[in-house]
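**Student:** Need a 3D model of the sequence below.
(4 chains)
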Protein chains: 2
Amino acid sequence: MADRAPTIYDVARSAGVAASTVSRALTRPGRVADSTVARIRNAVDELGFRMNPLARALPTGRTSMLALIASDVTDPVTAEVMRGAQDAAGEAGYITVVAHGPGEAFDRALATVDGALIMSGTPGDDDLLRLAAQRPAVLVDRLCAAVPAVIADIADGMRQVMAHLAALGHESVTYVGGPAGCWADGMHRRALRQAGCEYGVQSRRIGPFPATTAGGMAAAGEWLHHPATAIIAYDDLIAIGLIRALTARGIQVPQEVNVVGFGNVAAAELITPGLTTVAAPLREMGAVGVRRLLNLIEGSPVAGPVLLPVRLVERGSTGIRRRGRFGPLPSFAGSL
Amino acid sequence: MADRAPTIYDVARSAGVAASTVSRALTRPGRVADSTVARIRNAVDELGFRMNPLARALPTGRTSMLALIASDVTDPVTAEVMRGAQDAAGEAGYITVVAHGPGEAFDRALATVDGALIMSGTPGDDDLLRLAAQRPAVLVDRLCAAVPAVIADIADGMRQVMAHLAALGHESVTYVGGPAGCWADGMHRRALRQAGCEYGVQSRRIGPFPATTAGGMAAAGEWLHHPATAIIAYDDLIAIGLIRALTARGIQVPQEVNVVGFGNVAAAELITPGLTTVAAPLREMGAVGVRRLLNLIEGSPVAGPVLLPVRLVERGSTGIRRRGRFGPLPSFAGSL
DNA sequence: TTGAAAGCGCTAACAA
DNA sequence: TTGTTAGCGCTTTCAA
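**Tutor:** Residues are numbered from 1 along each chain as shown, chains lettered A, B, ... in the order given. Prediction:
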């Protein structure tokens, strides 16, 4: 398109200095006389010089690129994390390449970047460890051996859910599990058990189910075999599918059963009733992840996983039940 | 991490040939004796050689990277297009870097890639043209001068909407406009006028409104001043906001007013009632866009914009009205 | 069919 | 403070 992009040599000639001086002036202006820097700046502006980042990458071994590894950019949670990561990377002068799990493009991407941010649900643990050995890597919403990670405080989220549910008079809940072998699902289950003890709420598990509305709809059928007065779903999509299926069968939410999800995706507040759900600071998780990754790349020592706070967003899918078909009504229900 | 990645020279030594031969064997095996290729392949496997894409980019001027320019990866439409683009790029051996509108990271990204796919709603026309002059570029869901583009067939979509609405007995509709100065909005309006003529349906416009549920809720208030029996919204988010606001005011959809959107985002089928909407082949648009971009990069001549077919997805937000508060009921309504 | 040598645009010693 | 000189890892003439 353009004739040929001006190089550092063109600038050097135009400013009457050596190429190395231009390089220095551009990267460490302190090490070059002010007047020289000024002249070089002028030349740069005049010629419209833009440094070739690839040429620079060759000798330095640094590309200023980060990989965002996600199996599906279409997933709203992933997208939100990506957004945070992208912004944080941009601020630090890094650009981001997106890639999904193992495959040719993946290797290619990995070979190009200074580090990788790995979103949940992507590669298996083995691949993960191999990857982390190759390049600095940080996990988001997942833990694996000693790989640095940033995760949401699920345990606390579950506690908030239980507190909320217990306050509404629930004595037992059904947990609808997510995909089999999923790290976050295991986390949810541990948290559930613990929070259940703490608040004296019984819990049963069903699942696994795929993390989709279809999964949730399937779960509804299974739930009917052993109904409880409240359902905690692995994530919002399952919760939404559940609500749809229940409603379709004439079971009213929250009048007969309460439902809570995890994630606080956009659809959670669009559906009827609104979905009570645990909101994780997704963007921040992405941003914090990138910052840790950048530190790692700079060579600072790895600390333990970072835990980010979550909060319960109460909406219409939970509340006082008014009909006891699936369990006892709270004793104070009559007083309302 | 690893000692040092093996280079082409290591392979050359191990295979007992010159580096240039290795390069040739790897890129154009036909030009090298079969036995030599085999030896080189062996050496590659043994050493675990992976070519450094950046080093290759320097002499060739080709990075095998594409930029995906989108103002917000969090937007579901954008995400879907991205997904298609990413897959198509991966198939062709390209990786994708995501960047948003003008800014430092943007320039940095542009300097690194072989071409750019520009999603709707990002930079202004001037920036766009400047960008297209710098690098091969393809627009998605937007037209600008002679820049190659792939767009959804909005005109046909609007025709389908009108046909549907006319069949339901509507005689006038309100169009709720999207963001001011937005290319797609202009497109919708032209299409609306034309399809209105074709089917003998009156139309009024209100707006502009931001393409969010909040925008839709605001629009509901304005619509009440001059209600019509059907509303066509600029996009799904506005339509969803509209439905919520109407429902909140006790106006029933579709019993009193029909609503249709554009986009077919995931939430469209999750809300109650489901949103009737025009679905564009988002992923395919991304994929086709990338393929055109790749052609452009290879130097093939640019053709006109590619038009991709859309289809109307009928859901609960449209249907026979049963209450005439905002206009006459279809004459055959009683017969149902 | 293969090898030698000269870059691609930049950085990083080392001298001056 | 500045210039000189080698590369970074690969491709690509040009000769052999």
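**Student:** Just after the host helix or strand of A:Ile151, pick out the following helix or strand.
**Tutor:** Element membership for A:Ile151 (DSSP states H and E) is strand A:149-152. Following strand A:149-152 in sequence order, the next helix or strand is helix A:154-167 (DSSP H and E).
**Student:** what helices or strands is that next one leaning on?
**Tutor:** helix A:183-199, strand A:230-233, strand A:258-262, strand A:276-279, strand A:311-313 (3 or more C-beta pairs under 8 Å, 6 or more residues apart in numbering or on different chains; DSSP states H and E). Just so you know, the C-beta spots here come from the backbone N, C-alpha and C atoms, and that holds for glycine as well.
**Student:** For chain B, which of those is the nearest?
**Tutor:** Proximity to chain B, assessed across those by C-beta to the nearest C-beta, is greatest for strand A:258-262 (12.4 Å).
**Student:** Need the winner for burial among the helices and strands packed on helix A:154-167.
**Tutor:** For those, the largest average neighbour count (mean count of other C-beta atoms under 10 Å in any protein chain shown) is found in strand A:230-233, namely a mean of 30.
**Student:** Now do the helices in chain A.
**Tutor:** If DSSP state H is used as the criterion, the helices of chain A fall at A:8-15, A:19-27, A:34-47, A:53-60, A:76-91, A:104-112, A:125-134, A:154-167, A:183-199, A:213-225, A:236-248, A:267-270, A:282-298.
**Student:** just to revisit the earlier point, tabulate the helices and strands packed on helix A:154-167 in TSV, adding columns for mean pLDDT.
**Tutor:** Listed next are the helices and strands packed on helix A:154-167 as TSV, based on pLDDT from 0 to 100:
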stretch	mean pLDDT
helix A:183-199	95
strand A:230-233	98
strand A:258-262	98
strand A:276-279	98
strand A:311-313	98
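**Student:** what would these look like in JSON lines with distance to DNA strand C?
**Tutor:** Below are the helices and strands packed on helix A:154-167 laid out as JSON lines (distance: least, C-beta to the nearest atom of the strand, whole Å):
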{"stretch": "helix A:183-199", "distance to DNA strand C": "38"}
{"stretch": "strand A:230-233", "distance to DNA strand C": "51"}
{"stretch": "strand A:258-262", "distance to DNA strand C": "45"}
{"stretch": "strand A:276-279", "distance to DNA strand C": "42"}
{"stretch": "strand A:311-313", "distance to DNA strand C": "44"}
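**Student:** Indicate which one of these is closest to A:Glu80.
**Tutor:** Judged by C-beta to C-beta, the one of the helices and strands packed on helix A:154-167 that comes nearest to A:Glu80 is strand A:276-279, at 10.5 Å.
**Student:** In CSV, list the helices and strands packed on helix A:154-167 along with distance to B:Ala214.
**Tutor:** Output for the helices and strands packed on helix A:154-167, formatted as CSV (distance: least, C-beta to C-beta, whole Å):
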stretch, distance to B:Ala214
helix A:183-199, 31
strand A:230-233, 27
strand A:258-262, 23
strand A:276-279, 19
strand A:311-313, 17
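**Student:** Neighbours of A:Pro328, how many?
**Tutor:** By other C-beta atoms under 10 Å in any protein chain shown, 13 other residues sit near A:Pro328.
**Student:** any weak-confidence spans in chain A?
**Tutor:** Scanning chain A for pLDDT under 70 picks out A:1-3, A:121-122, A:332-336.
**Student:** Domains in it, by residue range?
**Tutor:** A:8-51, A:65-152+A:283-309, A:154-281 (automatic domain parsing).
**Student:** So for the shortest one, first residue to last residue, what's the gap.
**Tutor:** Across its full length, domain A:8-51 reaches 7 Å between end residues, using C-alpha to C-alpha, to the nearest Å.
**Student:** Tell me if that domain is near DNA strand D.
**Tutor:** Yes. On the criterion C-beta under 7 Å from any atom of the strand, domain A:8-51 is in touch with DNA strand D at A:Gly16, A:Val17, A:Ala18, A:Ala19, A:Ser20, A:Thr21, A:Arg24, A:Arg31, A:Val32, A:Ala33, A:Ser35, A:Thr36.
**Student:** residues from chain A in reach of DNA strand C?
**Tutor:** Checking chain A against DNA strand C by C-beta under 7 Å from any atom of the strand, the hits are A:4-5, A:7-9, A:19-20, A:23, A:26-27, A:51-52, A:55-56, A:58-60.
**Student:** Filter those down to the buried ones.
**Tutor:** A:Ala5, A:Thr7, A:Ile8, A:Ser23, A:Leu26, A:Met51, A:Asn52, A:Arg56 (16 or more other C-beta atoms under 10 Å in any protein chain shown).
**Student:** Most widely separated two among those?
**Tutor:** A:Ala5 and A:Ser23 (16.1 Å).
**Student:** ok so, going back, with distance to B:Val44 added, can I get the helices of chain A in JSON lines?
**Tutor:** Compiled in JSON lines, the helices of chain A are given as follows (distance: least, C-beta to C-beta, whole Å):
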{"stretch": "helix A:8-15", "distance to B:Val44": "34"}
{"stretch": "helix A:19-27", "distance to B:Val44": "34"}
{"stretch": "helix A:34-47", "distance to B:Val44": "41"}
{"stretch": "helix A:53-60", "distance to B:Val44": "21"}
{"stretch": "helix A:76-91", "distance to B:Val44": "33"}
{"stretch": "helix A:104-112", "distance to B:Val44": "14"}
{"stretch": "helix A:125-134", "distance to B:Val44": "18"}
{"stretch": "helix A:154-167", "distance to B:Val44": "44"}
{"stretch": "helix A:183-199", "distance to B:Val44": "35"}
{"stretch": "helix A:213-225", "distance to B:Val44": "43"}
{"stretch": "helix A:236-248", "distance to B:Val44": "44"}
{"stretch": "helix A:267-270", "distance to B:Val44": "48"}
{"stretch": "helix A:282-298", "distance to B:Val44": "28"}
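**Student:** correct me, but A:Tyr234 touches A:Ala211?
**Tutor:** Yes. A:Tyr234 is within contact range of A:Ala211, at 6.3 Å (criterion: C-beta atoms under 8 Å).
**Student:** Are there residues contacting both of those two? Which ones?
**Tutor:** A:Gly178 (C-beta atoms under 8 Å, 6 or more residues apart in numbering or on different chains).
**Student:** sorry, back to before: out of the helices of chain A, nearest to B:Ile240?
**Tutor:** Judging these by C-beta to C-beta, what sits closest to B:Ile240 is helix A:267-270, at 5.8 Å.
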